[in-house]
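> Mind looking at a prediction? Sequence and model below.
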Amino acid sequence: MSLTAIKPWFKERLETLDFEEHVDGFNSDNIGDIDLDRVYHVRPLTINGGSINHTDQKTESEVEVKVFFKGGRDASEAVDNAVLAVEEIVKECCNIKNRTSNGLLNVVFERAEIEPRSIDNDNSVLVKFDFTVTVLIGVEEN
């Protein structure tokens, strides 16, 4: 199991739901307005150590997932779409068959925050998700 499995795991979950990845490593502010709808950005924030034994080191990673939505006729449409997406993303990520797959021991949804993408334009919405991902790293001698 490896920490490198985290980002591809989220990519698979979100692309199953027809979201498109913004591939910049850190900056999600440079997403163009045209490409804004149903775009996501994944970034591991911190990796914390946990219990250890002679074969495994437990880790818990805080992962931020940002999802962007464009409104239609009014800003409330983008907010409504964002609320629906929170539910579908949580269901996809926390389904038992998904959250314990591809080398991940567990994925826990912590919170989602819905806000305008910018103060100047409330017709586009940003949803910031926080997840905790548990991975065991093998530390056994070869």
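Everything's here; your move.
> where along this protein do the helices fall?
6-16, 75-94, 96-99 (DSSP state H).
> Throw those helices into a markdown table and include mean pLDDT and mean neighbour count, thanks.
Every residue, glycine included, has its C-beta placed from N, CA and C. A markdown table is the format used below for the helices of the chain (pLDDT from 0 to 100; neighbours: other CB atoms under 10 Å):
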| stretch | mean pLDDT | mean neighbour count |
| --- | --- | --- |
| helix 6-16 | 94 | 18 |
| helix 75-94 | 89 | 16 |
| helix 96-99 | 86 | 13 |
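> Dump those helices into JSON lines; add distance to residue 129 as well.
Shown next, in JSON lines, are these (distance: least, CB to CB, whole Å):
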{"stretch": "helix 6-16", "distance to residue 129": "9"}
{"stretch": "helix 75-94", "distance to residue 129": "7"}
{"stretch": "helix 96-99", "distance to residue 129": "14"}
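> Of all these, which one is nearest residue 40?
Closest of the helices of the chain to residue 40 is helix 6-16, at 5.0 Å (criterion: CB to CB).
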